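Engineer: I'll drop the sequence and a predicted model, then ask my questions.
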Amino acid sequence: MLGGTFDPPHWGHLWLAELARLRLRLDKVLFLPVGDPVHKQGRVITAVPHRLHMVSLAIQDNPYFALDTTDCTRPAPHTTVTLLPLLQKAQPDAAFWLLLGGDSLRDLPSWTKPERLITQCRLAVLPRPGAVIDWEGLETAVPGIETAVDLLDGPPLSLSATAIRAWIKEGYTATYLLPTAVATYIQQNALYTN
């Protein structure tokens, strides 16, 4: 499972998904756009239909990637710990990993019920440049976290949707930052511009 706002989905998301698929021998990676991100209250978020369409475009060429709209279609609040039981009920025979960048792992104590989350699934984490993990502090905040994490070994990418949106807002194209179909969609729909 790779959840996120995907505003927009970029090469970093796709690389994390593919690296986890290869390293963990996953049958499928579910891309789970969040409907109403609890941790981004007060920020302007692109409408769900645009984000869903961009994810569809981003993953269309990979048969191992699938879009799951469960989080976008359920009532708020949208938290990972309440989403997982829904996914597990829909796919009772599946073993789940939650795919994260190192920055998200670092911030996990601020998530809703992280101690429960690590009993629901394993965490597959790709270290992110500049995201230093204080393992001792993390273990104190979320007991058992160290044994719930699989670190992914592969080249890290330091892309962020925030930086990409700012770049586009300045009038630049997102060529080479996003899949071509996503960059074209953004341009055609004037997303992230003034």
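Structural biologist: Alright, I've got the coordinates. Residues are numbered from 1 along each chain as shown.

Engineer: switch to C-alpha atoms for all contacts and neighbour counts from now on
Structural biologist: Will do.

Engineer: What residues does V182 make contact with?
Structural biologist: Residues in contact with V182 (Cα atoms under 8 Å, 6 or more residues apart in numbering) are 8-9, 54-55, 57-58.

Engineer: Quick check: it is in a helix.
Structural biologist: Yes: assessed with DSSP: H, G, I helix; E, B strand; the rest coil, V182 lies in a helix.

Engineer: so how far is R51 from it?
Structural biologist: 10 Å (Cα to Cα, to the nearest Å).

Engineer: got any residues that touch both of these two?
Structural biologist: Residues touching both V182 and R51 (Cα under 8 Å, 6+ apart): 8-9.

Engineer: residue contacts, G102?
Structural biologist: Counting by Cα under 8 Å, 6+ apart, G102 makes contact with 125-128, 131-133.

Engineer: Tell me the pLDDT of it.
Structural biologist: If you check G102, the pLDDT there is 91.

Engineer: ok, now D68?
Structural biologist: pLDDT, D68: 97.

Engineer: And what about the closest residue to it other than its chain neighbours, helix, strand or coil?
Structural biologist: Spatial nearest neighbour of D68, chain neighbours left out: L32 (5.2 Å); criterion: Cα to Cα, 6 or more residues apart in numbering. Using three-state DSSP, the structure places L32 in strand.

Engineer: Verify the contact between L32 and G4 for me.
Structural biologist: Yes: contact criterion Cα atoms under 8 Å: L32 and G4 qualify, at 6.5 Å.

Engineer: Who has more neighbours out of these two?
Structural biologist: Neighbour count, other Cα atoms under 10 Å: between L32 and G4, L32 has more, with 23 against 17.

Engineer: V81 and P143: what is the separation?
Structural biologist: From V81 over to P143 the distance is 16 Å, taken as Cα to Cα.

Engineer: Looking at the two, which is more packed in?
Structural biologist: Higher neighbour count among V81 and P143: V81, with 19 against 15, using other Cα under 10 Å.

Engineer: For that one, give its distance to P114.
Structural biologist: As judged by Cα to Cα, V81 and P114 stand 8 Å apart.

Engineer: Touching the lengthiest helix in the chain from outside, list them.
Structural biologist: Using DSSP state H to define each element, the chain has its longest helix at helix 11-24. The contact list for helix 11-24 (Cα under 8 Å, 6+ apart) reads 2, 26-29, 58-59, 99-101, 124, 126, 152-154, 157-160, 177-179.

Engineer: could you redo the last one with a cut-off of 6 Å?
Structural biologist: By Cα atoms under 6 Å, 6 or more residues apart in numbering, the residues outside helix 11-24 that reach it are 157, 159, 178.

Engineer: same question, stretch 27-41
Structural biologist: With contact meaning Cα under 6 Å, 6+ apart, stretch 27-41 is reached by 1-5, 64-68, 71-72.

Engineer: Let's see which of the residues you listed end up in strands.
Structural biologist: 2-4, 65-67 (DSSP state E).

Engineer: will you turn the residues you listed into a markdown table that also has distance to P85?
Structural biologist: Putting the ones in strands among the contacts of stretch 27-41 into a markdown table (distance: Cα to Cα, whole Å) gives the following:
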| residue | distance to P85 |
| --- | --- |
| L2 | 15 |
| G3 | 15 |
| G4 | 17 |
| F65 | 21 |
| A66 | 19 |
| L67 | 18 |
